[in-house]
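Student: A predicted structure for the sequence below; I have some questions about it.
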Amino acid sequence: MRLPALPALVVFALVSALVPALAGCTLSSGAEEPGRRPPGTGSPSAPTPDPTDNGIQAILDKSLPRGGSGTVIAARDGEVTHCTGYGMADRAHGIPATCDTVYDLMSMTKSFTAVAIMRLRMAGKLRVSDRISEFVGQVPADKRAITIHHLLTHTSGLPEALGDDYDPVSRQEMIDEAVTSELVAPPGTKFSYSNLGYSLLAAIIENASGMDYEHFLAEQIFAPAGMKDTGYVLPRWDTERIAVEYDARGVSRGRPLDHRWAADGPYWNVRGNGGLLSTARDMYRFHRSLADGTLLDRDARTAMFTAHSPTGLPGYDGYAIGYGWVITPDRGLATHSGGNEWSYGVNVHAVRGDLMVFWISNQAVRDGKWDLQEIARSLTVALIKQLRGGASPPVGGRREPRYSR
């Protein structure tokens with residue numbers, strides 16, 4: 001069964017432009033963060049003390065809805081300043097949400113796919129100017145101009161998606177459907193969010209690397225970053241750590257692994273564009289590995305966080321698309337979010353300086369009571385303001401644009 005369709009644009013991201021004070025933040029040495037455990041099996045051997053910030057906790061107490069559940073982590077200058085779970089990861093069994101709870105990252109997966117492409121670029125395996133036909137085979141005339149850059153920036157003209165998330169679609173079937181699909185715009189002419197484009201990127205990663213998508217990410221991203229609790233099926237998941245997702249009535253929709261997947265992960269309508277599982281602690285490790293140069297050299301990092309193409313969305317003048325991220329108008333923040341009818345989350349990474357916020361919930365909406373999309377911007381900006389210790393950036397009153405998972 002497919003998750004119910006969302007209105008065309010599910011959240012990419014949300015904060016207004018950062019004020020200049022952030023530009024003065026410096027990168028730390030990349031020292032191990034508080035609470036980080038040694039490499040293990042993916043299950044914490046003992047409870048980890050978590051740092052708390054009274055100001056951040058006050059924001060969460062004021063902003064988060066009663067009856068909700070999820071995890072929040074915030075960090076600055078190489079240190080986690082706050083990490084906490086709230087509510088229940090599994091209500092039926094009374095399992096609380098914590099900093100070690102595993103969640104579906106949904107469309108935040110795209111940031112990892114983009115880093116994987118950059119790693120291949122650094123290794124000389126591809127160029128972002130390469131046409132996709134070099135990796136997926138012959139394509140019709142209307143798609144011959146599509147490049148990897150177009151896929152990364154959602155300017156390929158490919159449709160948003162083909163079929164249901166859980167359709168048993170193989171890689172080759174996804175490619176065949178993609179190259180025969182009807183374009184929504186000529187390549188390179190218009191921003192049009194495409195999950196399909198990121199599944200094609202996953203196929204390109206496999207072709208260029210000679211490895212399957214998850215194994216490549218595990219070797220080239222998760223291992224260097226120290227991320228032991230991120231992946232599709234390679235981590236030895238303790239399923240009790242994985243959050244159960246809840247619909248708008250509060251009814252359990254199961255864990256991500258309860259749905260129809262292939263033996264090696266989700267089918268190809270999701271692979272590469274969504275579905276990675278991770279924890280708040282691992283998302284911090286991802287942030288640090290981007291900030292301190294562990295994953296990307298300077299050229300690759302610059303390319304990833306360049307504002308390549310405007311979104312063109314009403315009310316979002318100045319927002320632009322990087323590679324796997326949305327870049328804020330002052331170019332100080334990179335952000336991506338993910339959402340479906342059950343869960344919702346936001347990830348923010350400072351392009352200049354060293355600051356991050358990641359929050360996620362296993363229930364996005366409660367009928368007649370709350371919708372996390374409606375508080376996403378105000379909550380995220382308030383957390384950034386607290387981390388900065390400065391004045392609040394200007395925030396518009398618009399609801400965030402919505403993008404599908």
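Tutor: Alright, I've got the coordinates. Residues are numbered from 1 along each chain as shown.

Student: Against which helices or strands is the helix or strand hosting R377 packed?
Tutor: Using DSSP states H and E, the element containing R377 is helix 372-388. On a contact count with 3 or more Cβ pairs under 8 Å, 6 or more residues apart in numbering; DSSP states H and E, helix 372-388 meets helix 54-63, strand 70-76, strand 333-339, strand 344-350, strand 355-361. In this view, the C-beta of every residue, glycine as well, is placed from N, C-alpha and C.

Student: how much space is there between the residue nearest the centre of the chain and L277?
Tutor: The centroid of the chain falls nearest to M108 when counting by Cα atoms, centre = their mean (1.2 Å). As judged by Cβ to Cβ, to the nearest Å, M108 and L277 stand 11 Å apart.

Student: Then T147?
Tutor: For T147, the distance to L277 (Cβ to Cβ) stands at 30 Å.

Student: Neighbour count for the two, which is higher?
Tutor: Applying other Cβ atoms under 10 Å to T147 and L277 shows that L277 carries more neighbours, namely 24 against 20.

Student: beta partners for the residue nearest to that one when sequence neighbours are not counted?
Tutor: Once flanking residues are discounted, L277 sits nearest to V102: 5.1 Å by Cβ to Cβ, 6 or more residues apart in numbering. Listed by DSSP bridges, the beta-bridge partners for V102 are I242.

Student: pretty sure V102 is touching R241, no?
Tutor: Yes: if you go by Cβ atoms under 8 Å, V102 and R241 touch, sitting 5.0 Å apart.

Student: Which residue of these two possesses the greater neighbour count?
Tutor: Just comparing V102 and R241: by other Cβ under 10 Å the higher neighbour count belongs to V102, 27 against 22.

Student: give the contact list for the more buried one.
Tutor: Contact analysis of V102 by Cβ atoms under 8 Å, 6 or more residues apart in numbering lists 229, 237, 241-243, 277-279.

Student: ok but A116 is inside a helix, no?
Tutor: Yes: counting by DSSP: H, G, I helix; E, B strand; the rest coil, A116 is part of a helix.

Student: what residues are up against it?
Tutor: 201, 205, 213, 216-217, 220-221.

Student: from these, which is closest to I73?
Tutor: I73 has its nearest neighbour among the contacts of A116 in I221, at 18.5 Å by Cβ to Cβ.

Student: what separates that closest one from L295, distance-wise?
Tutor: Distance from I221 to L295, counting by Cβ to Cβ: 6 Å.

Student: Ok, which of the helices and strands packed on helix 372-388 comes nearest G124?
Tutor: Across these, closest to G124 is strand 333-339 (Cβ to Cβ), at 25.1 Å.

Student: Looking at the closest one now, give me its mean pLDDT.
Tutor: Per-residue pLDDT values across strand 333-339 average out to 95.

Student: before we move on, what about stretch 252-272?
Tutor: Average pLDDT, stretch 252-272: 97.

Student: which residues does the closest residue to A280 other than its chain neighbours contact?
Tutor: Computed as Cβ to Cβ, 6+ apart, the closest residue to A280 that is not its neighbour in sequence is I73, at 4.0 Å. I73 makes contacts with 80, 82-83, 99, 280-281, 283-284, 356-359, as judged by Cβ under 8 Å, 6+ apart.

Student: What separation is there between the closest residue to V351 other than its chain neighbours and R281?
Tutor: Excluding the flanking residues, the one nearest V351 by Cβ to Cβ, 6+ apart is F305, at 4.6 Å. Taking Cβ to Cβ as the measure, F305 falls 23 Å from R281.

Student: Give me the more crowded residue out of the two.
Tutor: Counted by other Cβ under 10 Å, F305 and R281 do not tie: R281 has more neighbours, with 30 against 23.

Student: May I ask you to confirm that the more buried one is in contact with T98?
Tutor: No: when contacts are counted by Cβ under 8 Å, R281 is not listed as touching T98 (9.7 Å).
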